[in-house]
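starting from these lines, generate the structure:
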Amino acid sequence: MRLPEYVERLGLAGPVAPTFETLRRLHLAHREAFLFENLTIQGGGAISLAVGDVERKFLDEQRGGYCFEHNTLFAAALRDIGLAPVTLLGRVRRGPPERWCRTHMVLQVRGARVHDAREHDAECWLADVGFGGLGLLEPIEWRDGATSIQGGIEYTLRRDDRLWVLSTRDANGASMDLYEFTDDPQTPWDVEVANHFTSTHPESIFRRTLTIQKSTRHERVILRGDTLTMYRDGRPTERAVEPSRLAALAHELFGVTLPSTLLQNQPDSAAVARL
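Take a look at the predicted model:
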């Protein structure tokens, strides 16, 4: 892991000791530094999860990626600083429940202890730098009923029988479940299988629909197909994007130059909604 280059890319200074404060700083800085995008998948390319390949894409090419790439890189950095992330797989709660499957990667991080205002020691955290615009900005405590307000959005982690569920409530009061997961550790090949399906299956949303997303502590910008959604301090606005404006908007909002091949054959929003 090219840890010094990674930390420099995040714009951080100072020690990277295995503490909660380091975990929190890295998590937020990673979210603000890298785009969530599926340009490689949309262009027909393969997604490698070898750490060296992800480093080249994120650090050398100044690119972003999707959940498996983001959390693979983040986990490698945590290991290098002395923390021990455990890889888990979850189901995104989008579309009909019978189509939910384990295609999202998250991390359980133990050992980064902090004593909080509720007078107890928290030492286990859900970390996830790869869920796109609506994802966590900072880790959330691994505890049933844990809540955290981040960028105007309230996150809640709850236990639902054998499942853990992460949900959100925006500043307008609208609530939704993001994803569910269990706490059984996944092997690297479990992750490879999920990555292969998500990046290659013809009905995967990442194959069907172009998306570019970015997050800061004040604003979240989500371009998905022909829809642009923006959250400012937790309040969403949404508008349709004319196909003729897609390339200009990608460059203006994200600094991304879209190849002409990616502007063709984008499905309409009704098709996306059925996924």
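
what's the pLDDT at R113?
If you check R113, the pLDDT there is 66.

ok, for G151, nearest residue in space, not its chain neighbours?
Distances taken as C-beta to C-beta, 6 or more residues apart in numbering place R217 nearest to G151, at 5.0 Å, with adjacent residues excluded. C-beta coordinates here come from the backbone N, C-alpha and C atoms, glycine included.

likewise for L210?
Q42 (5.2 Å).

quick check, the residue nearest to G151 in a helix?
No - R217 is assigned coil when assessed by DSSP: H, G, I helix; E, B strand; the rest coil, not a helix.

make 766 the first number, not 1, from now on.
OK, 766 is where the count begins now, so the last one is R982.

wait, it sits on I918?
No - using C-beta atoms under 8 Å, R982 is not in contact with I918, being 10.6 Å away.

and the two? Which one has more around it.
I918 (21 against 14; other C-beta atoms under 10 Å).

my read: that one touches N937, true?
No - I918 is beyond contact range of N937, at 10.5 Å (criterion: C-beta under 8 Å).

quick check: neighbours shared by these two?
G999 (C-beta atoms under 8 Å, 6 or more residues apart in numbering).

quick one, grab the pLDDT at N1030.
54.

how about the one 10 residues further on?
Predicted confidence (pLDDT) at L1040: the value is 33.

again, but for L928
97.

need the single longest strand in the chain, by residues.
Secondary structure of the chain per DSSP state E: the longest strand is strand 867-880.

other SSEs contacting that one?
helix 785-798, helix 832-846, strand 849-857, strand 886-892, strand 940-946, helix 953-965 (3 or more C-beta pairs under 8 Å, 6 or more residues apart in numbering; DSSP states H and E).

distance to V874 added to the ones you listed, as a markdown table?
Shown next, in a markdown table, are those (distance: least, C-beta to C-beta, whole Å):
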| stretch | distance to V874 |
| --- | --- |
| helix 785-798 | 6 |
| helix 832-846 | 6 |
| strand 849-857 | 5 |
| strand 886-892 | 5 |
| strand 940-946 | 14 |
| helix 953-965 | 17 |
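
which one of those lies nearest to F971?
Closest to F971 of these is helix 953-965 (C-beta to C-beta; 5.8 Å).

where does the stretch 866-1015 of the chain dip in pLDDT?
877-886 (pLDDT under 70).

show me what contacts L922?
Contacts of L922 (C-beta under 8 Å, 6+ apart): L891, I905, E906, W907, R908, D909, G910, A911, T912, W929, V930, L931.
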